[in-house]
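S.K.: build me a model:
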Amino acid sequence: MSRAHVSIVRSLYKRILVLHRSLPLELQAVGDEYVKAEFRRHKDVPTYEAAKFMVEWKNYADTLSEQVNPALPSSADQKPVDVGQHLDDTVLDNFKQDQLEQLYELAKETNKPYVPPDQQS
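M.R.: Down below sits the predicted model:
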């Protein structure tokens, strides 16, 4: 893997983590862990798979950037950030079984009540 590619991957990874700072704490925590795991999992994939991976994560970063940018300026009366995107059936039909299982686990995780780290046992 070239240095340029590594630099691009690292830049995208950092951009996503910075964007996550605009999310509510519970979504930020889940999102950060998910991103870290995904980037680790795809570290040594074939070139064609890495290219697809990068396109999808760049799309995610671009979409999230559009959704959170109004929330970036700090304000006392700031409204909650509305983030996310509906996955239509044509997208889901192209998922592999392990991706569907991962999506299901992520959905379960995001629906758990948030417990601040200092109150976790």
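
S.K.: low pLDDT regions in this protein?
M.R.: For the chain, residues meeting the criterion pLDDT under 70 lie at 1, 70-82, 114-117, 121.

S.K.: show me where it has helices.
M.R.: Along the chain, counting by DSSP state H, helices occupy 3-20, 25-41, 47-68, 89-93, 97-110.

S.K.: show me what counts as buried in the fourth one.
M.R.: Spelled out, it's helix 89-93. For helix 89-93, the neighbour count (16 or more other Cβ atoms under 10 Å) marks no residue as buried. For the C-beta atoms, the positions are set from N, CA and C on the backbone; glycine is no exception.

S.K.: do the same with stretch 3-18
M.R.: 9, 12-13, 15-16.

S.K.: could you export that stretch as PDB, CA atoms only?
M.R.: These are the backbone C-alpha positions of stretch 3-18, laid out as PDB (Å, rounded to 0.1, in the frame of the first residue of the first chain):
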ATOM      1  CA  ARG A   3       2.100   6.200   1.400                       C
ATOM      2  CA  ALA A   4      -0.300   8.400  -0.500                       C
ATOM      3  CA  HIS A   5      -3.100   5.800   0.000                       C
ATOM      4  CA  VAL A   6      -2.300   5.500   3.700                       C
ATOM      5  CA  SER A   7      -2.400   9.300   4.000                       C
ATOM      6  CA  ILE A   8      -5.800   9.500   2.300                       C
ATOM      7  CA  VAL A   9      -7.200   6.700   4.600                       C
ATOM      8  CA  ARG A  10      -5.900   8.400   7.700                       C
ATOM      9  CA  SER A  11      -7.300  11.800   6.600                       C
ATOM     10  CA  LEU A  12     -10.700  10.300   6.000                       C
ATOM     11  CA  TYR A  13     -10.600   8.400   9.300                       C
ATOM     12  CA  LYS A  14      -9.700  11.600  11.200                       C
ATOM     13  CA  ARG A  15     -12.400  13.600   9.300                       C
ATOM     14  CA  ILE A  16     -15.100  11.200  10.400                       C
ATOM     15  CA  LEU A  17     -14.000  11.200  14.000                       C
ATOM     16  CA  VAL A  18     -14.000  15.100  14.000                       C
END
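
S.K.: begin at 31 from here
M.R.: Yes, from this point I'll number from 31; that puts the last item at stretch 33-48.
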